[in-house]
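Trainee: sequence isn't available, so here's the structure alone:
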C-alpha cells in the first residue's frame, strides 16, 4: 500500500509543478528554465514464471508479479537549467521510476556546474550523466528515441547511468566531421534492495561523438572498480572450505573488482528513415562475468507515424558454469553443505544474460511533444540463462520464448 501511495504522490507532485510553472520558459532571459519529461507505459508478458523488465534496477515487472505492469517503462522527470553568466551554468535533473526497494523515491540524475572555458572547451563538476551508448544524454527521456524502451540486451544490464565527479569536453572539427571528445572521472553509490549496496569507484573513461551530416558515430571506453555485497554470505561460506573455497570466492565475489566496458554505436538519419546499431563488450572477473551485446534497428517515417524493427542479442564471453567445490573426500555433513553452496553458485552464474530479441513497433506523434508507441517483443533467453528476466520461479526454463506487448505515452514539456 505504501508503494502505491508513493507512486501516486510522485505523479501528483510532478503534475502540480508542471502547471505551477507555466511561464518558466519565459524566464530563460532571466537566467533559468524548467522542463520536464515522462513516459507512462503498460507491459504484458506471456510468461508466468518470471518478470520481464527494462533494467536490472527494477523490483518487479510483467509476468509472475502481475500479467500487466505499469512499472517497467514508466518514468517521470524534471530539469532545472540555470545560466549564471556567459561562462557559468548549472543543471539539476530529478527522475522518478520504480526502484529495487519497490518505491518511487526520486533520484538526482544530474546536479552539476559547467564552466565554458573557451568556445570549444567545457568543464563540469558534480553529478554527470555517463556518456555510455548512443542515447546517453537522453536515456531517461523516452520521447526522444523511437522505441518504447532502448534494447534491454545492451541497456538493461548497466546499473548506473550517472556518476559524481568531473569531466571535460572538447569540440573540434576534422574537415567536415564535427567531434566532441570527453574525458570523465567519478564515483557512484547505489542503494539496492535492502540491505544491499553497490559502490563504484575510480570511474575513468573516454568518449568521442562524431557527426558527419546524417551520420553519427559514438565511441566510449570506461574502467571502474566495483564492490557489490550481493552473494557475500555465499562466498564467506565458501572461504570456510580452505584454499579451494577461497579460490572460488576470489574468482567470483564482487569486492573491489575492476570492470571494463567498451561501446561503439552509429546512426544514420537523413530524415525520412533511420538505421542505428550498437555493439558493447564488458569484462570482469566476477559472478556477473563478461558479455558481448549488440543490436540493429531501422525505421521509416511516414507523416506522424514511424514503424520500426529491432534485432538484439547478448551473449556470455566467459564461464557460465563452475563445478564448485569437489565433493570427493568430504565428510557427509560437509558434503551436504558443499552441494548447497555449489547450487547457490550455479544460480548466481545463471544471472549472466544470454538472450535474443526480435521487436517490431509503431510510434505515432499524436500531438505536439507527445508520442504514443506500441511494441511487440519476442524474447528468448538461452543456454541455461534467465536472460534479462527477474524474479524467476523454480519452474522457469531457459530457451522458452516470451511474447511481450507494450504501450506507452512519452512526452516532454
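Mentor: Looks like it arrived, so ask away. This structure is a prediction, so every number in the text was calculated from the model and none was measured.

Trainee: how about the helices in the stretch 151-300 of the chain?
Mentor: 152-155, 232-239, 242-252 (DSSP state H, counting those that start in this stretch).

Trainee: average pLDDT across the last one?
Mentor: Same thing as helix 242-252. Average pLDDT, helix 242-252: 91.

Trainee: and it, how far from the chain's centre?
Mentor: Distance of helix 242-252 from its chain centroid, counting by Cα atoms, centre = their mean, to the nearest Å, is 31 Å.

Trainee: flag every buried residue along it.
Mentor: Under the neighbour-count criterion of 16 or more other Cβ atoms under 10 Å, helix 242-252 has 245, 248-249, 252 buried. Backbone N, C-alpha and C define where each C-beta goes, glycine included.

Trainee: next one: the second one
Mentor: The neighbour-count criterion (16+ other Cβ under 10 Å) identifies 234-235, 237-238 as the buried residues of helix 232-239.

Trainee: packing partners for that helix?
Mentor: helix 242-252, helix 332-349 (3 or more Cβ pairs under 8 Å, 6 or more residues apart in numbering; DSSP states H and E).

Trainee: give me the contacts around it.
Mentor: 245-246, 248-249, 252-253, 325, 337, 341, 344-345, 348 (Cβ atoms under 8 Å, 6 or more residues apart in numbering).

Trainee: out of the helices of the stretch 151-300 of the chain, nearest to residue 125?
Mentor: Closest approach to residue 125 among those is made by helix 152-155 (26.5 Å; Cβ to Cβ).

Trainee: would you say residue 407 is within a helix?
Mentor: No - assigned with DSSP: H, G, I helix; E, B strand; the rest coil, residue 407 falls outside any helix and is strand.

Trainee: what helix or strand is the residue nearest to it when sequence neighbours are not counted on?
Mentor: Sequence neighbours aside, residue 374 is the residue nearest to residue 407 in space, at 5.1 Å (criterion: Cβ to Cβ, 6 or more residues apart in numbering). Assigned by DSSP states H and E, residue 374 belongs to strand 370-381.

Trainee: quick one: contacts of that strand?
Mentor: 52, 143, 146-149, 353-366, 387-389, 398-411.

Trainee: need the buried ones from those residues selected in PyMOL.
Mentor: With 16+ other Cβ under 10 Å as the burial test, the buried ones among these are selected in PyMOL as follows:
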select buried, resi 52+143+146+147+148+149+353+354+355+356+357+359+361+363+365+387+388+389+398+402+404+405+406+407+408+409+410+411
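
Trainee: starting at the chain centroid, how far to stretch 215-230?
Mentor: Using Cα atoms, centre = their mean, the distance between the centre of stretch 215-230 and that of its chain works out at 11 Å.

Trainee: wait, I meant stretch 45-58
Mentor: That offset, for stretch 45-58, works out to 14 Å (Cα atoms, centre = their mean).

Trainee: next: stretch 40-49.
Mentor: Here the centre of mass of C-alpha atoms in stretch 40-49, compared against the chain's by Cα atoms, centre = their mean, lies 19 Å away.

Trainee: so for that stretch, first residue to last residue, what's the gap.
Mentor: The separation between the terminal residues of stretch 40-49, taken as Cα to Cα, to the nearest Å, is 25 Å.
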